[in-house]
Each structure stands twice: as C-alpha cells, then as structure tokens.
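sequence plus the predicted model coming up.
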Amino acid sequence: MLDTHQQNMNTVLHKSNTRGTAEHGWLQAKHTFSFASYFNPERMSFGVLRVLNDDVIAAGMGFGTHPHDNMEIITIPLEGDLEHKDSMNNTAVIKSGDIQVLSAGTGITHSEYNKNKDRPVKLLQIWVLPNKQNVSPRYDQISLNIEDRHNKFQQVLSPNSNDSGVWIHQEAWFSMINIDDCKSMNYRLKNPEKNGVYLFVLKGKVKINNQLVEHRDGYGLWNTSEIEIVANSNAELLLMEVPMSNQ
C-alpha cells in the first residue's frame with residue numbers, strides 16, 4: 001500500500017501518439033512538449049521540465065553548431081554513438097549507458113553528430129529550467145552501469161555534485177529502472193512538497209498508481225509523496241522528479 005495522502009494528487013497522461021512530430025529526413029523527432037515548429041499551449045512543460053525530445057539522427061548526420069543560454073540540457077543516448085563538440089573545447093562521444101549534461105548558463109555553442117556512418121543514433125534530449133541564471137557554462141558526462149538499474153532505481157542526476165550521477169542547477173532528481181514483468185516498485189519523492197515526477201516509458205508497459213502507461217507514453221504526477229509502479233511486461237523507465245514551479 002502507498003504511504004501517502006493522495007486524495008489531492010494531480011496527474012497528466014501524454015500518450016505517445018499525441019506528441020509533436022518533426023520529419024527532417026536526417027532527423028526524426030517526437031516532442032512531448034512544445035518545441036521548434038510544434039506548439040501546443042497545453043503542452044508547454046511539466047513544472048521546470050521544459051523539453052523532452054525523442055530523437056533519431058540518421059547515419060553521419062547531426063545538429064550543426066548552435067547556441068544555448070540559461071538552460072540545463074541533458075542528453076541520454078539510447079542506441080548508437082553521438083559526438084559532441086562545444087565552445088569550451090570539449091570533444092566527446094556518448095553512447096547507450098552514458099548521460100551528458102550541459103549547463104548553458106551565460107552562453108555556449110555546441111554541435112551533435114551521429115558518429116556512425118552505417119546506423120542511426122537514438123537519444124533523448126531534455127531541457128530543465130535552471131534555478132540560477134547566468135552561471136558559468138559547464139559540461140560533464142559519465143558512464144553508468146546499466147546492471148545497477150535492474151529492479152531498482154538508479155539515480156542518474158541530482159542537484160548535488162557529490163551525489164550519484166551528473167548534477168544540474170535545479171532541485172531535480174532523475175532515475176532509471178529496468179523492471180521485470182509483474183514486479184512492483186514504489187518511488188518516494190525526494191521533495192514531495194514542491195516536486196512532481198514525470199515518468200517516460202522507454203520500453204514495455206507499466207501501471208502507475210493503476211494507470212496503464214505504455215511504450216513512449218509520458219505520465220506526470222504531483223501533490224503526492226510516493227508512486228507505485230507495477231510492470232505489465234519487462235519495462236524500462238526514466239523518472240524525472242522536478243519542481244512544479246521555479247519560484
């Protein structure tokens with residue numbers, strides 16, 4: 001049983017097939033929230049979670065050099081190899097099992113290309129509004145042990161530089177889990193008074209507090225301290241706990 005008072009809990013379900021779509025030949029993108037040419041006033045953000053893009057970049061193609069400022073940008077490769085270059089002279093390749101963070105702060109330019117000439121690269125790009133403006137730009141990436149998320153929550157991002165995963169300028173925690181069919185897990189929010197949690201199903205299907213959430217669906221919950229996840233198949237999830245307001 002959930003140890004929480006949930007009579008005031010709020011939820012929002014974003015089905016996979018309701019996302020915005022961009023087809024550029026070299027890029028196929030699905031936008032959970034308004035982005036670029038996709039605008040939906042009902043889909044501006046989930047709290048400070050501003051962008052959740054599910055991208056497929058064709059072999060040898062990518063995003064040319066472009067600027068950002070005052071945004072925390074998180075990249076999670078799902079398949080293939082992504083090459084990153086930026087104006088701080090960082091050059092790196094990230095792959096499945098890695099996570100990259102870019103604190104754009106006062107301003108940065110970067111490019112992202114599919115390093116492979118024979119296959120696409122699949123990735124999530126996530127933007128989180130920072131709780132501090134005009135910080136010094138910063139880049140970081142780490143490699144994670146995927147086995148550490150088998151039937152348990154592997155923290156991959158937090159507000160703390162000495163904690164597990166990468167860190168950002170925001171009171172946010174991201175976790176990933178690979179959960180076996182019929183397994184039940186509870187996630188307890190780190191800061192339930194201010195935060196909600198947005199779950200994105202990478203593979204499979206689960207019930208979250210009895211709501212069925214399937215492949216590439218997103219489900220947000222707030223005004224709760226704990227959520228229950230029951231797998232209806234082998235499933236992979238990304239959980240993003242974020243402030244519902246940046247005040």
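Arrived safely, thanks for sending. Residues are numbered from 1 along each chain as shown.

with adjacent residues omitted, what lies nearest to the spatially most central residue of the chain?
Central residue of the chain (Cα atoms, centre = their mean): Ile126, 4.9 Å from the mean position. Among residues not flanking Ile126 along the chain, Ile74 sits closest, at 4.3 Å (Cβ to Cβ, 6 or more residues apart in numbering). Glycine gets a C-beta too; all of them are placed from N, C-alpha and C.

quick one: the helices in this protein, in order.
Shown for the chain, no helices are assigned by DSSP state H.

so where is it shaky, pLDDT-wise?
In the predicted model, the chain carries pLDDT under 70 at residues 1-7.

just to revisit the earlier point, which residues touch the residue nearest to the centre of the chain?
Counting by Cβ atoms under 8 Å, 6 or more residues apart in numbering, Ile126 makes contact with Leu49, Val51, Leu52, Asn53, Ile73, Ile74, Thr75, Ile76, Met240.

distance of Leu239 from Phe200?
Distance, Leu239 to Phe200, by Cβ to Cβ, to the nearest Å: 8 Å.

neighbour count for these two, which is higher?
Under the neighbour definition other Cβ atoms under 10 Å, Leu239 and Phe200 were set side by side, and Phe200 has more, 24 against 21.

residue contacts, the more buried one?
Phe200 touches Thr32, Leu52, Leu124, Arg216, Asp217, Gly218, Leu237, Leu238, Met240, counting by Cβ under 8 Å, 6+ apart.

got a winner among the residues you listed for most neighbours?
That'd be Thr32 among the contacts of Phe200, by other Cβ under 10 Å, with 28 neighbours.

isn't it right next to Arg19, touching?
Yes - in this structure, Thr32 is within contact of Arg19 by Cβ atoms under 8 Å, at 5.5 Å.

how about the contacts of Phe200 in TSV, adding distance to His68?
Shown next, in TSV, are those (distance: Cβ to Cβ, whole Å):
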residue	distance to His68
Thr32	19
Leu52	16
Leu124	17
Arg216	25
Asp217	28
Gly218	23
Leu237	27
Leu238	22
Met240	19
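
can you tell me which of the residues you listed is nearest Gln141?
Leu124 (14.3 Å; Cβ to Cβ).

now the end-to-end length of stretch 200-210.
16 Å (Cα to Cα, to the nearest Å).

ramachandran angles for the closest residue in space to Asp81 that isn't next to it in sequence?
Nearest residue to Asp81, sequence neighbours excluded (Cβ to Cβ, 6+ apart): Lys115, at 4.3 Å. Dihedral pair for Lys115: phi -70, psi -20, per degrees, to the nearest 10.

give me the distance between Lys115 and Lys85.
From Lys115 to Lys85 the distance is 11 Å (Cβ to Cβ).

same question for Lys190.
Counting by Cβ to Cβ - Lys190 and Lys85 are separated by 34 Å.

count the neighbours of Asp118 for me.
8.

for Pro77, same thing?
Pro77: 21 neighbours (other Cβ under 10 Å).

ok, now which ones touch it?
Ile94, Lys95, Ser96, Gly97, Asp98, Val121, Lys122, Leu123 are the contacts of Pro77 under Cβ under 8 Å, 6+ apart.

please apply the same query to Val51.
Per Cβ under 8 Å, 6+ apart, neighbours of Val51: His31, Thr32, Phe33, Phe35, Gln125, Ile126, Trp127.

generate a PyMOL selection restricted to the buried entries among those residues.
Provided next is the PyMOL selection string for whichever of the contacts of Val51 are buried by 16 or more other Cβ atoms under 10 Å:
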select buried, resi 31+32+33+35+125+126+127
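
would you agree Ala104 is in contact with Asp86?
No - under the criterion of Cβ under 8 Å, Ala104 is not in contact with Asp86, lying 9.8 Å apart.

with neighbour numbers in mind, choose between the two.
Legend: neighbour count by other Cβ under 10 Å for Ala104 and Asp86, higher for Ala104 (22 against 19).
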